[in-house]
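Student: Here is the input, now give the coordinates:
(chains A, B, C, D, E, F, G and H)
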Protein chains: 8
Amino acid sequence: MNTPLISIILGSDSDLPIMQETAQILEEFNIDYEIKILSAHRTPKEAFDFAQNAANRGVKIIIAGAGGAAHLAGIIAALTTLPVIGVPILGKSFDGLDSLLSMVQMPSGIPVATMAVNGSKNAGILAVKILACSNPELTKKLTEYQQKLAQTVSNKNSKLQKIGYQQYIKDFLNKN
Amino acid sequence: MNTPLISIILGSDSDLPIMQETAQILEEFNIDYEIKILSAHRTPKEAFDFAQNAANRGVKIIIAGAGGAAHLAGIIAALTTLPVIGVPILGKSFDGLDSLLSMVQMPSGIPVATMAVNGSKNAGILAVKILACSNPELTKKLTEYQQKLAQTVSNKNSKLQKIGYQQYIKDFLNKN
Amino acid sequence: MNTPLISIILGSDSDLPIMQETAQILEEFNIDYEIKILSAHRTPKEAFDFAQNAANRGVKIIIAGAGGAAHLAGIIAALTTLPVIGVPILGKSFDGLDSLLSMVQMPSGIPVATMAVNGSKNAGILAVKILACSNPELTKKLTEYQQKLAQTVSNKNSKLQKIGYQQYIKDFLNKN
Amino acid sequence: MNTPLISIILGSDSDLPIMQETAQILEEFNIDYEIKILSAHRTPKEAFDFAQNAANRGVKIIIAGAGGAAHLAGIIAALTTLPVIGVPILGKSFDGLDSLLSMVQMPSGIPVATMAVNGSKNAGILAVKILACSNPELTKKLTEYQQKLAQTVSNKNSKLQKIGYQQYIKDFLNKN
Amino acid sequence: MNTPLISIILGSDSDLPIMQETAQILEEFNIDYEIKILSAHRTPKEAFDFAQNAANRGVKIIIAGAGGAAHLAGIIAALTTLPVIGVPILGKSFDGLDSLLSMVQMPSGIPVATMAVNGSKNAGILAVKILACSNPELTKKLTEYQQKLAQTVSNKNSKLQKIGYQQYIKDFLNKN
Amino acid sequence: MNTPLISIILGSDSDLPIMQETAQILEEFNIDYEIKILSAHRTPKEAFDFAQNAANRGVKIIIAGAGGAAHLAGIIAALTTLPVIGVPILGKSFDGLDSLLSMVQMPSGIPVATMAVNGSKNAGILAVKILACSNPELTKKLTEYQQKLAQTVSNKNSKLQKIGYQQYIKDFLNKN
Amino acid sequence: MNTPLISIILGSDSDLPIMQETAQILEEFNIDYEIKILSAHRTPKEAFDFAQNAANRGVKIIIAGAGGAAHLAGIIAALTTLPVIGVPILGKSFDGLDSLLSMVQMPSGIPVATMAVNGSKNAGILAVKILACSNPELTKKLTEYQQKLAQTVSNKNSKLQKIGYQQYIKDFLNKN
Amino acid sequence: MNTPLISIILGSDSDLPIMQETAQILEEFNIDYEIKILSAHRTPKEAFDFAQNAANRGVKIIIAGAGGAAHLAGIIAALTTLPVIGVPILGKSFDGLDSLLSMVQMPSGIPVATMAVNGSKNAGILAVKILACSNPELTKKLTEYQQKLAQTVSNKNSKLQKIGYQQYIKDFLNKN
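Tutor: You can find the predicted model right below:
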């Protein structure tokens, strides 16, 4: 395994079903990553050590997913010069507003690049966009990715024009 | 100066005008305290060291005031066995909801005893109530304090009965 | 049965499935407790008597769980010198915001140490932390408890490293 | 002074500038009232006694104004058969949502007739409407009151038609 | 059938499963009522006529349940001198906050006595409390009702003391 | 197929089950429409072209449904002189508040006529009302539609009066 | 004065300083309008009559501004076939959320085209866009208006490029 | 002037007093930037062209500040492969929640790295952190910057220890 460029960390293993989409997008772009369970509250010393050593280990970007009073991204950001991307995870109350505000409302000096609630896929894409700043090959792949997104929507629209909305909804509901 | 039983920590010196009320209530109850500016985000190592050593230094309770994505109380709580009391501080947006949710929505295992937004006075009183669990003298003082609170309200009510609401409001607005 | 140090009170028996976690954590720490259904609104006189007598009965800390317009913790706090811990209970509307604000936004003089919505386990741990202020044996147990929390996270992380995220998620979803 | 039919109670004297509008509307309808400062948290015993005796003293309706974790109306309602009207008072955070939810989200069995945030005038009018249920004279006065409200709006509209909106706004801003 | 003292109106028949609790509580107190589907938006003329004639028909109190942009209670209140009680109904978005704010934030002069979201039972009890202002028999029944509420809680507590929380929860979950 | 007067656009095919109600209401009023999947984020160029050409193609009104950070309606509105109606779609967090605020809080100069969360049927009716401004035939149909709405409510009320609420609820729950 | 095509109605004269911007934009487009103070709660009968007669008087669009529990737009919409545009007005609590939700969350069948909080200027522009559906001259003016908006932004940007941000801010703060 | 690496764009010149902090932090790190007023709603074509050409012009990162229904960052992100950082700007209602949700709740595929409300300084620091991924010199400067942040807090704390909180607050209030 190569040195990971991206480190994905999760406050709890219950966040893994959401955060796996970050890993999948990085795999799609062929970017080496690691994924770790690491809690700001339950393993604070490990989190502290991880944050202080990540840059030296060659990690370029840290992606942190956490719910509730989501301190993980912010604490890691305080201890590293690497960009930190935060993914607020939807919990049982407050519709994710607690984790969103706990991540995004960082004080001056310590930014966390915050994604949508459960926006783990976008965390991966943002990481790719950051790496692409110094990697033209990745920029090319991102262009293709965006074209693929556009094509998918176009195809859906063509299908809708062809079969009409009643049939489309029947198919859609069967599929989901 | 005696060994402080209570340690008041602030994420920023701009929180001091609010958090001074914690200090004042502890002075009123003759309890030794210290007050420090210590940021989870700007001085994470000092915060880490502080949390790990507080119990050994003889501190019994930690009171943390912070605004925005308020991680201070939670991170300290992760690193100590001492009870941690959190005071969310009102910021420029979200009416304090960001700091309230960042403090109160702690994961299982790491409680923060959260006060009202800007509830710094109550943080001091809760600390006294905790110390009183093993100090009957403090319980007596708390009883007197609560009687004094009741008396103040009673006096205000007596004044209202005597002078009527129009005059009371005039006096009140002059005073405030 | 020994004199209870902790009194757990519930506004309604529907809160019991949540509040049992407080009892369980106290059992884990071998702390004597009682658990009572007591409503500020439906049994106000019993609540009043309970609050006035708790300290004399030897109770050290009161933990109150309630939902909606959650007045129980605040009213009890008004009538005792003991520390009161509040657990807002998630209801059918407002995502628990109603009970959180009803508990945490207490006026000066009458603190309620508020936990996360449904944060009943943390209420128990905070109670242990408070008792530990004058009980070094409990401090030792708390240290062990926090080490156990860290170990659990470490073990999960080790498993994740070994089997990879796809397999981990399969196991996780089977278990939950 | 006659026996008061309406009892206006306030959690704090700082609520008096708002709650005076309740008193004024009752004066406008010639209804005897009393106005008291009485705190559920600072004078819980007085509040308890007040609630238990109000009906026997001849009081027909209780109007309670309070802010923050506004428990006053709910606790009083728990201890009386009289209808209780609650006025949430705007505080320094949460735009009054804390006091609104603390009042309105009452459990089954203990209603509080909740008004708008700072809706003290409407508390008085609702009290008049309730008394009017068994007092046709008051119904007549209410009809006149509503006609007067309509007339005021009509007059403003006539003025607007006559002088145009630019001049109206100038006059309005001078007056306010 | 007797002349109804209470008129329960619903914005939509989908509110009936919630609003039936108002009817049931009135039946429990032997109070004559009517229940009508009447929409401020879909049958505005009928709503207008209803509001203008209710007092003349002998109705004493109007209870209106509605969801979303819940205008029914407010519009009726604008057209009658009778007290109007509003029940916000939980919808598919906003956790009932839309109907709560649409009902409670009434302008000066036109109060709506607002209940909790889905608080239809309390609407009935408030209506009884209002009628009891001039009916000592109802006051006696209300006292008994409140004693019954207290007794129910006491019985639950006694059961909890006898069988312990584990067994209680098993029974509770079976029952619900 | 005739030239469509109304263009319904959707940010994602997952919005189609909601947005089909717009199509159905237009069919009910015999108004020609088209329905397209078109994303401001995934197919920005197509969206841009669509917006710039819609008026020239004879489209009179654009109806856009989108969820989350719902930019579709606003961006289209920026590029056309046609009236744009927006339908916020309920997502997995925030109860639709994110898409509502993303649509309704438009800057000066670029209005979006915003409907309720998932209010797709009303988007269709508003479009009919707009076309009716210059089409008396449609006004007549709208009058009939509103009468039908009123009649439906009246019929439900008659049924309720006849069979009573218990039976009505049984029938209602069976039907839904 | 010509027959007004647009009727602007206000729930209260305190809304006039905000709602004058609707009038000004209509003047800018040379569209005849009327402006009236008309309250759903204080002058319900006038509001009822107004709504029923507006179409017959030749009015094409109604624009209603109101704050708090803002029922005006919805009630008018229930009584007319004309399109109704609603402007929620910012009040003293809830940041305008109360009036926004009271307007936008309309039930199926009765749309209100809701603008941003205090979005009175956009209400006027939407009205122009609606009239432009059958008036090519207005479409031409709208195109010019949008070009003017773009030019204003372009000019500001040119100035910023020329004088730099420090000087721009100085000028900006002097001007505002 | 060198080719700018960072492009700061503003929805309106009223955002400039906030967004100047982004420019200042970039100047502090000696990074070439440009700053432009560019509105997604008022100059959509310029925004479209800007987004499509930025990467070709050598821009590496785009920072967009906007308030209300803040579409600028999202639309730009849809049209470029560059990382886009969004700064929600506090407006007159909703405490910035409208612009925060409009920015952060982006759909899968199109991330916006969202900062705190008015978090313009952090937008600049995040941009530096991103550039530092391939520029070790910048990493060194970031380390120094973080040490300076820590030193500032340490100095404040030392001052607090020396002069006490009363004197500190006096000095603080004089300074601010």
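
Student: Could you use CA atoms for every contact and neighbour count after this?
Tutor: Noted.

Student: what residues are up against the one residue sitting closest to the centre of chain A?
Tutor: Nearest to the geometric centre of chain A sits residue A:123, at 2.5 Å (Cα atoms, centre = their mean). Contacts for residue A:123 were tallied using Cα atoms under 8 Å, 6 or more residues apart in numbering or on different chains; they are A:22, A:63, A:85-87, A:115, H:111.

Student: and if we set it to 6 Å?
Tutor: The neighbours of residue A:123, taking Cα atoms under 6 Å, 6 or more residues apart in numbering or on different chains as the test, come to nothing; the list is empty.

Student: can you state the direction angle for the helix or strand containing it and helix H:120-132?
Tutor: For residue A:123, the host element (DSSP states H and E) is helix A:120-132. Computed by axes from the mean of the first three to the mean of the last three Cα atoms, to 10 degrees, the angle separating helix A:120-132 from helix H:120-132 equals 60 degrees.

Student: How far does helix A:120-132 sit from its chain's centre?
Tutor: With Cα atoms, centre = their mean, to the nearest Å as the basis, the distance from the averaged C-alpha position of helix A:120-132 to the chain average is 7 Å.

Student: and if you look at stretch A:94-114?
Tutor: Counting by Cα atoms, centre = their mean, stretch A:94-114 is centred 14 Å from the centre of its parent chain.

Student: Just the endpoints, please. Distance across that stretch?
Tutor: Start-to-end span of stretch A:94-114 (Cα to Cα, to the nearest Å) is 18 Å.

Student: Tell me which residues of that stretch come out buried.
Tutor: Within stretch A:94-114, the residues scored as buried using 16 or more other Cα atoms under 10 Å in any protein chain shown are A:94-114.

Student: before we move on, what about stretch A:76-88?
Tutor: Those would be A:76-88, for stretch A:76-88 by 16+ other Cα under 10 Å.

Student: How about stretch A:164-176?
Tutor: Of the residues in stretch A:164-176, A:165, A:168-169 count as buried by neighbour count, 16+ other Cα under 10 Å.

Student: what does that stretch contact?
Tutor: By Cα under 6 Å, 6+ apart, no residue outside stretch A:164-176 reaches it.

Student: so where do the helices sit in chain A?
Tutor: Assigned by DSSP state H, the helices in chain A fall at A:16-28, A:44-53, A:72-78, A:97-104, A:120-132, A:136-175.

Student: Enumerate the residues of chain A near chain B.
Tutor: Of all the residues in chain A, those in contact range of chain B (Cα under 6 Å from any Cα of the partner chain) are A:41, A:68-69, A:71, A:78, A:98, A:101-102, A:105-106.

Student: Just the closest of those to chain E, please.
Tutor: Nearest to chain E, judged by Cα to the nearest Cα, of these is residue A:98 at 16.2 Å.

Student: one step back: out of the helices of chain A, which one sits most buried?
Tutor: Between these, the one whose residues have the most neighbours on average, counting mean count of other Cα atoms under 10 Å in any protein chain shown, is helix A:97-104 (a mean of 30).

Student: For whatever residue of chain A ends up closest to chain G, which non-adjacent residue is closest in space?
Tutor: Among residues of chain A, the one nearest chain G by Cα to the nearest Cα turns out to be residue A:97. It sits 16.9 Å away. Taking Cα to Cα, 6 or more residues apart in numbering or on different chains as the measure, residue A:97 lies nearest to residue F:94, with 7.5 Å between them; neighbours along the chain are not counted.

Student: Report the inter-axis angle for the helix holding residue A:123 versus helix A:136-175.
Tutor: With the same axes, to 10 degrees defining the directions, helix A:120-132 sits at 170 degrees from helix A:136-175.

Student: Can you check what angle separates helix A:120-132 from helix A:16-28?
Tutor: Taking the same axes, to 10 degrees, helix A:120-132 and helix A:16-28 form an angle of 30 degrees between their directions.

Student: I'd like to know how far residue A:108 sits from chain C.
Tutor: 27 Å (Cα to the nearest Cα, to the nearest Å).

Student: Quick check: pLDDT value at that residue.
Tutor: Taken from the predicted model, the pLDDT recorded for residue A:108 is 96.

Student: again, but for the one 5 residues further on
Tutor: The confidence metric pLDDT takes the value 98 at residue A:113.

Student: so it makes contact with residue A:85?
Tutor: Yes. Distance between residue A:113 and residue A:85: 4.5 Å, which falls inside the contact criterion (Cα atoms under 6 Å).

Student: how much space between residue A:138 and residue A:115?
Tutor: Shown here: residue A:138 relative to residue A:115, a distance of 21 Å by Cα to Cα.

Student: picking that back up, who wins for proximity to residue B:51 among the helices of chain A?
Tutor: Closest approach to residue B:51 among the helices of chain A (Cα to Cα): helix A:44-53, 11.1 Å.

Student: quick check: angle from the closest one to helix C:136-175?
Tutor: Put simply, helix A:44-53 runs at 70 degrees to helix C:136-175, going by the same axes, to 10 degrees.

Student: Report the distance from helix A:44-53 to the chain centre.
Tutor: With Cα atoms, centre = their mean as the basis, the distance from the averaged C-alpha position of helix A:44-53 to the chain average is 20 Å.

Student: Run the contact check for that helix versus chain H.
Tutor: No. Taking Cα under 6 Å from any Cα as the criterion, helix A:44-53 and chain H are apart, separated by no less than 11.5 Å.

Student: Could you confirm whether that helix reaches chain C?
Tutor: No. Helix A:44-53 does not reach chain C (Cα under 6 Å from any Cα); its nearest approach is 8.3 Å.

Student: Show residues contacting that helix.
Tutor: By Cα under 6 Å, 6+ apart, the surrounding residues in contact with helix A:44-53 are A:40, A:76, A:79-80.

Student: Tell me, what's the model's pLDDT at residue A:1?
Tutor: pLDDT for residue A:1: 55.

Student: wait, what's in contact with the closest residue to residue A:35 other than its chain neighbours?
Tutor: Leaving out its chain neighbours, the residue that sits closest to residue A:35 by Cα to Cα, 6+ apart is residue A:8, at 4.6 Å. Taking Cα under 6 Å, 6+ apart as the criterion, residue A:8 is in contact with A:35, A:63-64.

Student: from those, which single one is nearest residue A:127?
Tutor: Distance from residue A:127 was checked for each of the contacts of residue A:8 by Cα to Cα. The minimum falls on residue A:63, at 8.2 Å.

Student: Could you check how many residues crowd around that closest one?
Tutor: Other residues lying near residue A:63 total 28 when counted by other Cα atoms under 10 Å in any protein chain shown.

Student: Write down the beta-bridge partners of it, one by one.
Tutor: Beta bridges link residue A:63 to residue A:8, residue A:85 when assigned by DSSP bridges.

Student: shouldn't it be in contact with residue A:87?
Tutor: No. When contacts are counted by Cα under 6 Å, residue A:63 is not listed as touching residue A:87 (7.5 Å).

Student: Save the buried residues of stretch A:164-176 as CSV, and put in pLDDT and distance to residue H:160 too.
Tutor: As requested, the buried residues of stretch A:164-176 are arranged in CSV below (pLDDT from 0 to 100; distance: Cα to Cα, whole Å):
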residue, pLDDT, distance to residue H:160
A:165, 97, 68
A:168, 97, 68
A:169, 97, 66
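
Student: Out of these, flag the one nearest to chain C.
Tutor: Among the buried residues of stretch A:164-176, and counting by Cα to the nearest Cα, the member closest to chain C is residue A:169, at 29.4 Å.

Student: Close to chain C: what parts of chain A are there?
Tutor: So far as Cα under 6 Å from any Cα goes, chain A lies against chain C at A:36-37, A:42-43, A:93-94.

Student: Among those residues, which has the minimum pLDDT value?
Tutor: When those are compared, residue A:93 shows the smallest pLDDT, 87.

Student: ok, and the most crowded of the residues of chain A next to chain C?
Tutor: Across the residues of chain A next to chain C, neighbour numbers were computed from other Cα under 10 Å; residue A:42 holds the maximum, 28 neighbours.

Student: Identify the residues contacting residue A:38.
Tutor: A:10-11.

Student: one more time with 7 Å, if that's ok
Tutor: Listed by Cα atoms under 7 Å, 6 or more residues apart in numbering or on different chains, the contact partners of residue A:38 are A:9-11, A:47.
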